[in-house]
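Peer 1: Kindly generate the corresponding structure for this input.
(3 chains)
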Amino acid sequence: MRNAADVPVTRRVPRPAQDVVARLVNRSFRYWSLLPAVLIFAALTLYPLLNLMRMSVSTIDFAQGATLWTFTPLRNLEALRADDVLRPAVVNTVVFVVVSVAIEMVLGVALAIGVAGLARAKRWVRTVAILPILVPPVAIGSMWKLMYNYDFGIFNQALVAVGAMPVNWLGSTNIALASVIAVDVWHWVPFVFLILFAAVEGIPPDLLEAAHVDGASRGQTLRLVVLPLLRPAIVVAFLFRTILAFKVFDEVFLLTAGGPGTSTELVNLHLYKVFFEQNRLGYGAMLSLAVIAAIVAFLLVSRRAALAVRT
Amino acid sequence: MIPNLGFTRMLLAVIALAAAAPSLAQKTFLDVGKQADITVLVGSTPWYPAFEKAVGLYEQQTGNHIKLDVTPFGNILEKARNAVRSGQSPYGLMTLDTQWTIEFYEGGFLSPLTDIDAAFVMPKEVLAYGDSGYWNAQKRWRTADGGKLMAYTVLGNVQLLYFRGDLLKQAGIAPPATWNDVLAACTKLAKPPATYGFVARGEKGNGIRYDWQSVMLAEGAQVVKNPEAGDYTVTINSPQAKAALDLYIELLKRCGPPNFGSLGQGDVIQLLATGKAPLGDVVTAAFASFEDPNKSAVVGKLETAPLPSGAGGARGAVIGNWNAVVPKNAPDAQKKAALAFSRWFLTYDAQRAFAEAGGIPNRSDVYTSDLAKNPKYRWMPAYLETQQFARQELGYAEGAQVEQILGLRLNQALIGEMSSGKALNSAAAEIEALFRKNGRRTGVLAPLPE
Amino acid sequence: MPIAATASGTRALRAGIPGRVLVALALFAIVGPFLWILTASFKHQIAIYAGQFPFTPTLSNYADVLLGRRSDFAGNIVNSLVVAASSTALALAAGALAAYSLHRFRWPAWVSAGFLGWTLVFHMVPVLTLLGPWYVAFRELGLYDTRAALILTHVTINLPMTVWLLRTFFREIPPEIVEAAHVDGCGPFDAFYRIVLPLALPGLIAAGILAFVFSWNEFPIALTLTSRETATVPVAIARFAQQYEIQHAQMAAASVISTIPAVILMFLGQRFIVSGLTLGAVK
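Peer 2: Next up is the predicted model:
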């Protein structure tokens, strides 16, 4: 860890113009540092967010080539209540999010720690380990659909080759959701790995050295020193992984289109159908707001649970 | 890096031009004069290469320019909606799948073709395809009777029965004429896991809805009683519909692969192309890929026939055609240019060229020409015969929602989550509620035993 | 200094045999499907359908994708590179500044919590509800079918994650270091640029890689806001998912091609960020 004594500062002979600019930049840093992000964000998000809120309490029809807005908040709420597909979709989504995020977090953290302990070739390993998130989601969906293919997919071919029965990966209501979760895990463990690996790399080595000198075993070092230090990164990874899990679309759409039956119907998929296939924009907007509320609720519950576990 | 790409492109362009030189001397199929440049919205489909060739021919013959915005199939609707809902449309011509047309007709987003040019007349040889190009605003129905001409068919798809002529002959089975014949044939031919007997879509949603409706129509059942006359009484839970559903489930369960509940069109094509199924219900447009040695192991072995008839002798097939429409908010010059191209495209010569490039022509005289005798186009007689009984289904504003309801319930019955009676009853109740909410004159039949 | 450089750090964390086996297994599981895509890209469609192995390899899929008459794939890659690189640079710059600002300066609660909360909530909004308004807005501004529109929207999409991630990593830097720099006469911006950023390097790399990847693979916005010339790689790949069937062979080839520039750029990018920052850093 760096301390005050070993941070020397090189000072150059100040030249008048540079010095003035540098001083201005530094003095106003406090104000202009937050500005770019706020400007970009405000410019691009205000209109869509306001539009979304307006849509959620309206019904939108088209006639004579023009758009007609009618104020119908109750009708949209009623549509929300009466939506039969929504119930199984919500259940499936919660199961999907909980299971896949849990697995991804565990595997991601374990992989990050494991790779950090490698003597060399770290940069290569990192580049290879993130390959899954480099592949476009539409390609992931269609390629995995082929791999899960009942007659010719590689998994069933392997099973048959060792004498086992082929599995109906995407056509059986019991297994379909698990198959989709497997694809998601493959796709997103690198995401968690990337964030956690950066965090592990940032751990001051003297802390670990000190623990080693104190006679701590590897397991104890991991549990009592490393993991607590990784906590902020774990929280951020969990936060964003969860939000992204609620928004999953491409993979499910291509793998199962929500079937068979309603076994892989997920909320975002249903939202797509309402919004685009059925063209019910007002209800779709209301549903989006409901989804956002659900995500917030889910995160608050997770936070409560995490706090309870720690104490 | 970039200069090298440019050079390669130039080289390829020069070679292509040299190869195309002979055809530059061709006389035009129809003189349409000089027109403005337009962009056409078209989807990434198996017939797109053929359409592109046809457009290329148009450009060569007339010197006009057409840009093709080829969009992934799942996103054409969004692009079309965006184009018509805002300011000026970037497209002069758009191709819409049949189930989307009603939304655009009702929304007033399109220019009727006769408004752009009062002298425009559809050639009488062009097939009707259930009048999907006409819109009667009074009845809110697609019909030439009192309807305005809004679109014409660019590509008219129907399902055909594909079968392995060699395997059927070997087993001494005649090409099936009724759905029960199909059941008998497939039971005999199925030898799982090496080969299955019959494949059709079982996938939830549009897949099972579209394929099952051919059987439904063959058994004499309907979704709604008489929508053209305004009677939206739901008749989906009739005994005939139940018979059709039971038959379909039996076909797939007995003769299909174990994952019949999730079979999409791609899976069906794959099973036929790899020789794992001797009988299948597939769209006409897939024929070309069965004849491509890079995509098929059964080149030259598949025959086609119109879809079989039901117990009462009726036949059924559902039309899934692409309609070319002109947005109302396109500039006038572009509308005229779009119409000019359309006139050219609807000529016999252009349609014949389209067929030769791998497309499905929309004129009956191409089907009765010498092309039909060429084994490469051996699907043509079956296709022409199907036009006599093929119908448009779900031709109302609630079509997408009705499809979602049916697509779910049918799939649930197929995979055994509920009985066929219960599935149809649930679907009927939900569809009736939907129509009632939209102010249609509706009712429902007595429920089936579940 | 990152652990990688210290022998003691590595020793403390060094995996035993079981650890190394697990890492190897994990890497195999990760790379396996990718290898499958790679082999599929050299097969004809029928060979993919029938799951043939061994098979006769072919380069026709790559030829189709790169040189086909209706393919602008090379142009699509250029578009993707420009959009992804620009939006990543912009998102990192704006995000790092904002994250540091929120961490270092005492903003009133409504500013910091408000901005962070707003970005998080925006991240939860389903992207397809944003498409309509953005399409209309950009068409009005005349920016439809431009790379600039894509860059701006991608920055907006990636800003939440960038800000939150970098905030986490900035918080891990001991405040004494920054104070020492102040004692020595460093202004707040210099302290940020010369001391904090180099220390937060691992976090910057992670955030940069993620922003790049999300921009590279972003599909719905790219589809809505572009047409043929400005289309990006995911839009081009999606065209292989046709109405009735997916052209798996070409899609595999296109996917393989699309990962190559991304991998190269990231590999180089890591090195560039490291050298760039250490140049400006304090020795």
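Peer 1: Give me the below-cutoff pLDDT ranges for the stretch 201-311 of chain A.
Peer 2: Within the stretch 201-311 of chain A, the stretches with pLDDT under 70 are A:311.
Peer 1: What of the stretch 1-150 of chain A?
Peer 2: Where the stretch 1-150 of chain A drops to pLDDT under 70, the residues are A:1-18, A:65, A:119.
Peer 1: Helices of that one, start to end?
Peer 2: Here the stretch 1-150 of chain A has its helices, by DSSP state H, counting those that start in this stretch, at A:16-32, A:35-56, A:73-82, A:86-116, A:122-129, A:131-134, A:137-147.
Peer 1: okay if I get the ones you listed as JSON lines plus mean neighbour count and distance to chain B?
Peer 2: Where you see a C-beta, it was placed from the backbone N, CA and C, and this is true even at glycine. Shown next, in JSON lines, are those (neighbours: other C-beta atoms under 10 Å in any protein chain shown; distance: least, C-beta to the nearest C-beta, whole Å):
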{"stretch": "helix A:16-32", "mean neighbour count": "12", "distance to chain B": "36"}
{"stretch": "helix A:35-56", "mean neighbour count": "17", "distance to chain B": "13"}
{"stretch": "helix A:73-82", "mean neighbour count": "14", "distance to chain B": "9"}
{"stretch": "helix A:86-116", "mean neighbour count": "20", "distance to chain B": "10"}
{"stretch": "helix A:122-129", "mean neighbour count": "17", "distance to chain B": "21"}
{"stretch": "helix A:131-134", "mean neighbour count": "20", "distance to chain B": "20"}
{"stretch": "helix A:137-147", "mean neighbour count": "24", "distance to chain B": "8"}
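Peer 1: Would you mind giving those helices as JSON lines with distance to chain C added?
Peer 2: Compiled in JSON lines, these are given as follows (distance: least, C-beta to the nearest C-beta, whole Å):
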{"stretch": "helix A:16-32", "distance to chain C": "3"}
{"stretch": "helix A:35-56", "distance to chain C": "4"}
{"stretch": "helix A:73-82", "distance to chain C": "14"}
{"stretch": "helix A:86-116", "distance to chain C": "4"}
{"stretch": "helix A:122-129", "distance to chain C": "6"}
{"stretch": "helix A:131-134", "distance to chain C": "5"}
{"stretch": "helix A:137-147", "distance to chain C": "4"}
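Peer 1: okay, those in JSON lines with distance to residue B:324 next?
Peer 2: As requested, those are exported to JSON lines (distance: least, C-beta to C-beta, whole Å):
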{"stretch": "helix A:16-32", "distance to residue B:324": "54"}
{"stretch": "helix A:35-56", "distance to residue B:324": "31"}
{"stretch": "helix A:73-82", "distance to residue B:324": "34"}
{"stretch": "helix A:86-116", "distance to residue B:324": "36"}
{"stretch": "helix A:122-129", "distance to residue B:324": "48"}
{"stretch": "helix A:131-134", "distance to residue B:324": "39"}
{"stretch": "helix A:137-147", "distance to residue B:324": "27"}
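Peer 1: What sits closest to residue B:194 if chain neighbours are left out?
Peer 2: Excluding its sequence neighbours, the residue lying closest to residue B:194 (C-beta to C-beta, 6 or more residues apart in numbering or on different chains) is residue B:276, at 7.8 Å.
Peer 1: okay but that neighbour is in contact with residue A:151, surely?
Peer 2: Yes. The criterion here is C-beta atoms under 8 Å, and residue B:276 meets it with residue A:151 at 6.2 Å.
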